[in-house]
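**Q** I would like to see how this sequence folds:
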Amino acid sequence: MTVLAESPAPAVASRLEVDILIVGAGPAGLYGAYYAGFRGLRVAVMDVLPQPGGQISAMYPEKAIFDIAGLPSVRGRDLVDNLLAQAAPYDPVYLLGHQAAELCYDADGLPLVRSDQGTLVRAGAVVITGGIGTFTPRPLPAAAGYEGRGLVYFVPRLADHAGRDIVIVGGGDSAFDWAASLQPLARSVTLVHRRDRFRAHRATVENVRASGVEILVNSEVTAVRGNDWVSAVEVRCQGVTRELPTQTIVAALGFTADIGPLLRWGLAVDSRRLVVDSRMATNLPRVFAAGDITEYPGKVRLIAVGFGEVATAVNNAAIVIDPQAELFPGHSTERES
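**A** This next block holds a predicted model:
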């Protein structure tokens, strides 16, 4: 995997020329990198997150995904690894930790995208696969200042928390998924929720209850103890204050999503999604979009749908880049391995 630059390392302004720039390194973007490579196009993939995989890598890398064609069940992390391996023979350039900040066009009418790290990418076409956009976790006020010192919002690697006392705050699917995944590795897992009802799927809640995870309802984390690292939390539970030892707090309180600078590009937007036609083309020249970030009549937001959409976007971008090219390049089985 070629990584040109990555935040938070000091950014070095640079210039890159490719056939297709893919904005968003989630599943659709990674499959788009493979498909563009399959078509013989040079590709760069830009994403604000420091690792590829989008929401999957950030939020549920250990969770089983069941709606990928041909895979009865696949762990999120494994799906991302397989998509990276699929694209690897075509050597896409990954600009991780780079937010696509500005779009303009050069004298030849080609898109120029500048990242917030100062990298300028000149492309024959841009394909936006930004999912829900940049997502920001909702904070846990009592734990302010403990980021990087025991407070986390996502758990990309379960093994990092093995043997710890873990407190998970939240009542949605993410909170219960983390509880189920961490319980076999942790010394203890306690889930704290301010209500007595949960947003998580009922079967998941029952599985977590049966696993031995302590669930505190009508409860709130009111204070965090610790010097260099979290050592305990104070929980107000139905009028009684308890102190729980912990070395990891997982704040699974949801997140806010924002498509950010894309709103300033002049793209047609409907309910903070990008409006596309049947070619997956936006209203801007040489700019296409695919996946959850798009909107059109009958839109269904599934990873499986995003795979088809990004293939459509890449094929249509290919004939914009080279009008002599064929829209349909043939099946991969027709190529020599």
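
**Q** the stretch 151-300 of the chain: helices as residue ranges?
**A** Assignment of helices within the stretch 151-300 of the chain using DSSP state H, counting those that start in this stretch yields the ranges 173-182, 202-211.

**Q** can you give me the strands in the stretch 51-200 of the chain?
**A** In chain order, the stretch 51-200 of the chain shows strands spanning 64-65, 74-75, 93-96, 100-105, 111-115, 120-128, 134-137, 151-152, 165-169, 188-192, with DSSP state E, counting those that start in this stretch as the criterion.

**Q** among those, which gets the worst mean confidence?
**A** Lowest mean pLDDT within the strands of the stretch 51-200 of the chain: strand 134-137, at a mean of 72.

**Q** burial measure for the closest residue to residue 162 other than its chain neighbours, as a count.
**A** Nearest residue to residue 162, sequence neighbours excluded (Cβ to Cβ, 6 or more residues apart in numbering): residue 185, at 4.4 Å. The way it works is simple: take the backbone N, C-alpha and C, and place the C-beta from them, glycine included. Residue 185 is flanked by 15 other residues according to other Cβ atoms under 10 Å.

**Q** got it, and residue 326?
**A** Neighbours of residue 326 under the rule other Cβ under 10 Å: 11.

**Q** buried ones in the lengthiest helix in the chain, by neighbour count?
**A** Using DSSP state H to define each element, the chain has its longest helix at helix 303-321. When neighbours are counted by 16 or more other Cβ atoms under 10 Å, the buried residues of helix 303-321 are found to be 303, 305-307, 309-318, 320-321.

**Q** okay, how far is it across stretch 195-207, tip to tip?
**A** Stretch 195-207 has an end-to-end distance of 19 Å (criterion: Cα to Cα, to the nearest Å).

**Q** oops, could you answer that again for stretch 28-46 instead?
**A** One end of stretch 28-46 to the other measures 13 Å (Cα to Cα).

**Q** off-centre distance for it?
**A** Averaging C-alpha coordinates over stretch 28-46 and over its chain gives two centres that are 17 Å apart (Cα atoms, centre = their mean, to the nearest Å).

**Q** quick one: mean pLDDT over that stretch.
**A** Across stretch 28-46, the average pLDDT comes to 97.

**Q** flag the shaky bits of the protein, pLDDT-wise.
**A** Residues of the chain that meet the criterion pLDDT under 70 lie in 1-13, 133-135, 257, 335-337.

**Q** could you list the domains of it?
**A** The chain is divided into the following domains under automatic domain parsing: 2-135+256-334, 139-253.

**Q** any chance of the helices of the stretch 151-300 of the chain in CSV, plus distance to residue 242 and mean neighbour count?
**A** Listed next are the helices of the stretch 151-300 of the chain as CSV, based on distance: least, Cβ to Cβ, whole Å; neighbours: other Cβ atoms under 10 Å:
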stretch, distance to residue 242, mean neighbour count
helix 173-182, 18, 23
helix 202-211, 19, 14
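
**Q** mind putting those in CSV, distance to residue 31 included?
**A** Formatted as CSV, these follow (distance: least, Cβ to Cβ, whole Å):
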stretch, distance to residue 31
helix 173-182, 24
helix 202-211, 28
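
**Q** mind checking which residue lies nearest the centre of the chain?
**A** The central residue of the chain, meaning the one whose C-alpha is nearest the mean C-alpha position (Cα atoms, centre = their mean), is residue 54 at 1.8 Å.
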